[in-house]
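predicted coordinates and the sequence they were generated for:
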Amino acid sequence: MSDSHRPPRERRRFLAKGLGLAGAAAALAPIAGRAAAPPGAVERPVPADPSKVPGYPMDDESYGARSQFETEVRQRYKTATNLSSWTFTPLQESIGIVTPSGLFFERSHAGTAVVDPGKHTLFVHGLVARPRKYSMRDVRRFPSLSRLIFLECSGNGLTEWSKPTMPTVQGTHGLTSCAEWTGVRLATILNEVGVRSNARWLLAEGGDGAAMTRSIPIEKAMKDCILAYGQNGEALRPEQGYPLRLLVPGYEGNMNIKWLRRLEVSDAPFMTREETSKYTDIRPDGKAVQFSFEMEAKSVITSPSGGMQLEGPGFHEITGLAWSGRGTVRRVDVSVDGGSTWREAALQQPVLPICHTRFRMPWQWDGKGTAVLQSRAVDDTGYVQPTLGQVIAMRGLNGPIGSIYHLNAIQSWQVASDGKVSNVHHY
Amino acid sequence: MSTTTERRAWVAAAAVAALLAGCAGAPGSGERSVMNDNVDAAGARTYGFGQPASDADLARFYSSLPDGRDLPRGSGTVAQGKVLYEAQCVACHGENLQGGLGDRLIGGRGTLVNADAAKAPVKTVESYWPYATTLFDYIKRAMPLTVPDTLSDDQVYALCAYILARANIVAADATMDAKSLAAVRMPNRDGFIADPRPEKFPSPDAAPHQTLGIAPAAK
C-alpha cells in the first residue's frame, strides 16, 4: 500500500522556502552529494556559479537525459510479484497534458516483454475473407495518423472506495497517463482482410508471456481503434508494448493490448479471463457488470494535492487534469469548501476528445481553518462527475475496495490551517 | 529496425511509378498514383501489404469460444491433473488451491452477495468464473507464470479437470475434453449483467458536507 517516495520537487521547494536561504542551502546540500543520479538522469558536478565555467560538452550522438535535480519516478504498487504489477505516474508533478514516456503508468501480467521488431508479426484472421500477416515494416507502410489520447486503468483509485488510503495523487489517480500516439487505423487493416458480415467481436492478443487477450466489439474496432507503433514522437517504450500495441480510445486500459501479435475476428466474445473474472464489477446483490468498457468523466486536482505542504496564506494556483472516455471535457468546476460552492475553472487549450485536459483556478488562501479542494468534470455528453456518496449510493459498497473498477468519483484534498494537504473523503 | 533505407527506396520507386502513370498532377489523385490501386467489393481501397496467413502460420495460436468451438483435441483426468498441479502449480496457488502468489482457485460460493464494506466477496474459479472454457484458455496461454505456453493440450485438460473437481463442479473421476469441458455449467454462469452506465445519479446531498476520513500521511 505504501507509495512513499523521494520528496516531490514541489514539496522540496515549499520546504526550502520555509527554511530561508541558509536552510535552503543546507536542505539542498545532500542532493549535490548523492551517490547516484535519479533514474533517467546523469549525475554531473554542480559548479558554484554556472556562468563562470563552461558546461559539459555536446556529444556527437546522444539521446538525452533529464536534469539530475528532477526526482519524480513511477512508483510500483507492492503486489506479491513484480512480474504482474503496476506502477503509478507521479501526477503531483505533472505539467501540461502529455505524460513523459518514462513516467507513463505501467501494467503488465508477465513482466515487460522484449520483442525484436524485425521478427515481430501481426496475424489477422478469423471471420475474414483474406487472413493475413504483417511484419512491422508492412504495418508502417499503411497510411498513418497521430492522436493525443489518455489511457486509464479501470482499477485507478481502487484503494479509495471505503476510506481514503493513498497519501498522494500518484497513488489515488496515477493509473492515468496521456500521450501522442502514432500508428495505423485498425479499420484500415480490417478492410484489407475483408471482415465477414457475421463478425461481431475482435480478439486482440499480446505476444508477452501472459498472451493478454481481450474481446472488443467490432463496431468499436472499425470506429476509432489504432494499431500504434509511436508514442510521443518516437517508437513505443517496451513497457507500453513495443513494437506494436492496440489503442481503444476511451476504453479501459486493459483492452489496449500491448506487444500485439494477433487479431481474431469472431461472432461472439471469447470470454477471456480478464473480461470475466477480472475486469467485471461485482455489486452487493452478487451480480457483476460485464463489458464496462468506457472510462467515464473524471478529474483530479494535481496541485495542491495530498502530501504537499503549502508555505502559507496567499496566492496558490489550483491545477489539475480532467478527462472523459466518452468525449471532450466541456467544463471543470472547482470548490474550495468541500462542494458547497463551485467556480468554473479555466481550461488550457487544446481541449481534445478522449484526452487529458489541464484546468487551472487562482486561489487566495486565507490560511484560516481547513479548506477542502475538489474538482468536478462535465463532458460533452452532459455527464457530470459524481461525488463518492453518489457512486456508493448507486453501486453499493460490497467490500473494502468495493466493485474495484471504474471509480470516477470527485476527489477531495484537505488543506489544514498549517498548510498540510491530505487525502480525505468528504461528501 | 532499419526502415529508413527501406522507406526511402519505396518512396523513390513510388515516385517513378507516379511519373510513369502520368497522373501525379491530377488534383486529389496524387496519393492514389503512388499506392497499390486495389479496390475491395465495397469500393474501399486496399493496399495489399503483408502476406497471406496460412493455416500453418495460425496453428500455434489458440483461443476457444465459450460454446467450445476451437477447443483442441485431447483429454485429461482429475488424477493426471493432481500430479501436474502438485508439480507445476502448487508453489503459487497452494496445496489446497487457496492461493498465495497466484490467485485463490476454489471456495467462496455464497460470498458474492455481500453488502458488508468490511469484508470482500471471495472471487474464485469456483465461485465467480462463468465459463470452464476460460480456464483452458488461460492455463494454455499464460500458465505457469515462469514458463508460459509449455503445457500440452492433454495436460491443460487434466489441470482443468483437477481444479473443477476440487471446486466440486465435476466428479472426482471426471475426464475433460473439448466436449465435456464446454458442457460444464459453472455455478456463477448467470452472475453477469450488462453495463448500466452512464448512470443517472440523483442530486448530491445538500451542503454542508462532512469530512468522513483522512488518509495516513506518506511515510
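Received it, and whenever you're ready, just let me know what you need.

tell me where chain B has helices.
B:3-21, B:30-33, B:55-58, B:78-88, B:90-93, B:133-142, B:153-166, B:178-183 (DSSP state H).

burial count for whichever residue of chain A sits closest to chain B?
Residue nearest to chain B within chain A: A:Gly399 (3.2 Å; C-beta to the nearest C-beta). Any C-beta I mention is one placed from the backbone N, CA and C, and that applies to glycine too. Using other C-beta atoms under 10 Å in any protein chain shown, A:Gly399 has 22 other residues around it.

test my guess that it contacts B:Ala117.
Yes: when contacts are counted by C-beta atoms under 8 Å, A:Gly399 is listed as touching B:Ala117 (6.6 Å).

if we can go back for a sec, weakest of the helices of chain B by average pLDDT?
When the helices of chain B are compared by mean pLDDT, helix B:30-33 comes last with a mean of 36.

for chain B, what are the nearby residues on the stretch 201-350 of chain A?
By the rule C-beta under 8 Å from any C-beta of the partner chain, the part of the stretch 201-350 of chain A lying against chain B is A:203, A:205, A:209-211, A:213, A:243, A:262, A:264, A:266, A:268, A:270-273, A:276-277, A:280, A:282, A:284-294, A:296, A:306-307, A:326, A:338-341.

residue contacts, the spatially most central residue of chain B?
Compute the mean C-alpha point of chain B, and by C-alpha atoms, centre = their mean the closest residue is B:Tyr138, 7.1 Å away. Counting by C-beta atoms under 8 Å, 6 or more residues apart in numbering or on different chains, B:Tyr138 makes contact with A:272-273.

the closest residue to A:Arg283 other than its chain neighbours - how many residues pack around it?
Of all residues not flanking A:Arg283 in the chain, A:Gly396 sits nearest, at 5.5 Å (C-beta to C-beta, 6 or more residues apart in numbering or on different chains). By other C-beta under 10 Å, 17 other residues sit near A:Gly396.

identify the residues contacting A:Gly396.
For A:Gly396, the contact set (C-beta under 8 Å, 6+ apart) comprises A:283-285, A:402-403, B:115.

swap in A:Thr381?
Residues near A:Thr381 by C-beta under 8 Å, 6+ apart: A:324, A:326-327, B:198.

which among the residues you listed count as buried?
A:324, A:326-327 (16 or more other C-beta atoms under 10 Å in any protein chain shown).

next one: phi and psi at the closest residue to chain A within chain B?
Across chain B, no residue is closer to chain A than B:Ala120, which sits at 3.2 Å (C-beta to the nearest C-beta). The phi and psi torsions at B:Ala120 (degrees, to the nearest 10) take the values phi -90, psi 150.

also A:Val372?
phi -120, psi 120.

so what's it up against?
So A:Val372 contacts A:335-339, A:412-415, A:424, A:426, B:209, B:211 (C-beta under 8 Å, 6+ apart).

among those, which are in strands?
Counting by DSSP state E, these place A:335, A:412-415, A:424, A:426, B:211 in strands.

how far away is the spatially most central residue of chain A from A:Val46?
Nearest to the mean C-alpha position of chain A, counting by C-alpha atoms, centre = their mean, stands A:Thr176 at 1.6 Å. Per C-beta to C-beta, to the nearest Å, A:Thr176 is found 35 Å from A:Val46.

kindly report the same for A:Ala36.
15 Å.

neighbour count: those two, which is higher?
Relative neighbour count places A:Val46 above the other of A:Ala36 and A:Val46, with 11 against 8, counting by other C-beta under 10 Å.

and the more buried one, what's its pLDDT?
96.

doesn't it lie inside a helix?
No: under DSSP: H, G, I helix; E, B strand; the rest coil, A:Val46 falls outside any helix and is assigned coil.

returning to what we had before: got the ones in strands among the contacts of A:Val372 as CSV, with distance to A:Thr387 columns?
Listed next are the ones in strands among the contacts of A:Val372 as CSV, based on distance: C-beta to C-beta, whole Å:
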residue, distance to A:Thr387
A:Ser335, 11
A:Ser412, 9
A:Trp413, 14
A:Gln414, 15
A:Val415, 19
A:Val424, 13
A:His426, 9
B:Thr211, 13
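
buried only: go through the contacts of A:Val372 for me.
Judged by 16+ other C-beta under 10 Å, buried ones among the contacts of A:Val372: A:335-336, A:338-339, A:412-415, A:424, A:426, B:209, B:211.

check these and tell me the two furthest apart.
Using C-beta to C-beta, these reach their maximum pairwise distance at A:Val415 and B:His209, which is 15.5 Å.

is B:Asp154 in contact with B:Thr77, as I believe?
No: applying C-beta under 8 Å, one finds B:Asp154 not in contact with B:Thr77, separated by 9.6 Å.

quickly list the domain ranges of the chain.
All of this refers to chain A. Chain A is divided into the following domains under automatic domain parsing: A:7-72, A:121-285, A:298-424.

meant chain B actually
Split by automatic domain parsing, chain B gives B:3-42, B:62-183.

returning to what we had before: and the buried ones among the contacts of A:Val372 as JSON lines, adding pLDDT and distance to A:Gly118?
As requested, the buried ones among the contacts of A:Val372 are exported to JSON lines (pLDDT from 0 to 100; distance: C-beta to C-beta, whole Å):
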{"residue": "A:Ser335", "pLDDT": "98", "distance to A:Gly118": "54"}
{"residue": "A:Val336", "pLDDT": "98", "distance to A:Gly118": "55"}
{"residue": "A:Gly338", "pLDDT": "96", "distance to A:Gly118": "57"}
{"residue": "A:Gly339", "pLDDT": "96", "distance to A:Gly118": "55"}
{"residue": "A:Ser412", "pLDDT": "98", "distance to A:Gly118": "50"}
{"residue": "A:Trp413", "pLDDT": "98", "distance to A:Gly118": "48"}
{"residue": "A:Gln414", "pLDDT": "98", "distance to A:Gly118": "53"}
{"residue": "A:Val415", "pLDDT": "98", "distance to A:Gly118": "54"}
{"residue": "A:Val424", "pLDDT": "98", "distance to A:Gly118": "52"}
{"residue": "A:His426", "pLDDT": "96", "distance to A:Gly118": "54"}
{"residue": "B:His209", "pLDDT": "88", "distance to A:Gly118": "58"}
{"residue": "B:Thr211", "pLDDT": "92", "distance to A:Gly118": "57"}
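
mind jotting down where the helices sit in the stretch 1-150 of chain A?
A:9-32, A:136-141 (DSSP state H, counting those that start in this stretch).

quick one on the thing from earlier: show me what contacts the residue nearest to the centre of chain A?
When contacts are taken as C-beta under 8 Å, 6+ apart, A:Thr176 is in contact with A:89, A:91, A:105, A:150-153, A:156, A:298, A:321, A:323, A:356.

measure it to A:Ser135 for me?
With distances taken as C-beta to C-beta, A:Thr176 is found 33 Å from A:Ser135.

would you mind giving the secondary structure of A:Glu274?
Quick answer, by three-state DSSP: A:Glu274 is helix.

pLDDT wise, what is it at?
At A:Glu274, the model reports a pLDDT of 98.

which residue packs closest to residue 204, ignoring adjacent ones?
Using chain A here. Nearest one to A:Ala204, counting by C-beta to C-beta, 6+ apart, is A:Ile257 at 4.1 Å.

oops, wrong one, chain B.
A:Thr387 (4.8 Å).

residue contacts, that neighbour?
A:339, A:409-410, A:427, B:204.

run the last query once more with 6 Å
Residues near A:Thr387 by C-beta atoms under 6 Å, 6 or more residues apart in numbering or on different chains: A:410, A:427, B:204.
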